[in-house]
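Chemist: give me coordinates for this.
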Amino acid sequence: SAEIDSKQNLKSLLIVDSAVRIVCYGHTVSFHALTENGKNLLTHLNQNVRGEVASQFDGETLTLEFIQPCDTIDEDSRLREASSFDALRLVQHSFDLSSQDKHVIFLGGLFAYDLVANFEPLGDAVATNQCPDYVFYVAETLLVVDHQTESCQLQATLFVDGSQKAALESRIEDIRAQCTSPK
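Modeler: Numbering: from 1, shown residues only. Below is the predicted model:
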């Protein structure tokens, strides 16, 4: 999280609680609600899925199915096609965040090494594992540690309605208490 030469961005980000887990296998992306707040997020995201993307929503899981890009079109056109990366963009672009902190909706996760196979033909190799192409988590509570100022900020994100506000405020107090008197 830090730029060694410039000493910029000397912060660590810790997802304490996750609202949603996002898992991609090939051209299928599944969003799994991990909390009630996460269910609210998925309901909101489901309303923002683009028409050309097949979707299925059962209240706890939102599944998006993207079309495999045609390998006969040029690279520029292929990059403009809807892809599994649009699932991650959906989370960020479903809210007006212009007046919010840059970490208000935070996604943390990992991409698999061979994710490029979803976009570029690499040939047929025998798969030796069942690892997803990516796994990301949408933070419900996030701890931002600023190493330069020796301070930290604890935040929670309430998605859509206020039904989970009291639960999130209580969770923030629990985390704050644990941070101020660690065992």
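Chemist: run through the protein and note the low-pLDDT ranges.
Modeler: Within the chain, the ranges that satisfy pLDDT under 70 run 1-4, 6-9, 70-71, 74-75, 77-79, 116-127, 182-183.
Chemist: just so I have it, where are all the helices in it?
Modeler: 36-46, 75-80, 85-93, 165-180 (DSSP state H).
Chemist: tell me what the biggest strand by length in the chain is packed against?
Modeler: Counting residues, the longest strand in the chain under DSSP state E turns out to be strand 11-25. Strand 11-25 is packed against strand 28-33, helix 36-46, helix 85-93, strand 107-111, strand 134-146, with contacts defined by 3 or more C-beta pairs under 8 Å, 6 or more residues apart in numbering; DSSP states H and E. C-beta coordinates here come from the backbone N, C-alpha and C atoms, glycine included.
Chemist: go again with 7 Å.
Modeler: Where contact means 3 or more C-beta pairs under 7 Å, 6 or more residues apart in numbering; DSSP states H and E, strand 11-25 is packed against strand 28-33, helix 36-46, helix 85-93, strand 134-146.
Chemist: convert the C-alpha atoms of the second one to CSV, please.
Modeler: What it means is helix 36-46. What follows is helix 36-46, C-alpha atoms only, in CSV (Å, rounded to 0.1, in the frame of the first residue of the first chain):
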residue,chain,number,x,y,z
GLU,A,36,-28.2,-8.7,5.6
ASN,A,37,-26.5,-5.5,4.4
GLY,A,38,-24.9,-7.6,1.6
LYS,A,39,-28.4,-8.7,0.5
ASN,A,40,-29.4,-5.1,0.2
LEU,A,41,-26.4,-4.5,-1.9
LEU,A,42,-27.2,-7.4,-4.2
THR,A,43,-30.8,-6.2,-4.6
HIS,A,44,-29.5,-2.8,-5.7
LEU,A,45,-26.9,-4.3,-8.0
ASN,A,46,-29.5,-6.5,-9.7
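Chemist: let me know the angle separating that helix from helix 165-180.
Modeler: Interaxial angle, helix 36-46 versus helix 165-180 (axes from the mean of the first three to the mean of the last three C-alpha atoms, to 10 degrees): 120 degrees.
Chemist: for helix 36-46, buried residues please.
Modeler: Neighbour-count burial for helix 36-46, counted by 16 or more other C-beta atoms under 10 Å, picks out 37, 38, 39, 40, 41, 42, 43, 44, 45, 46.
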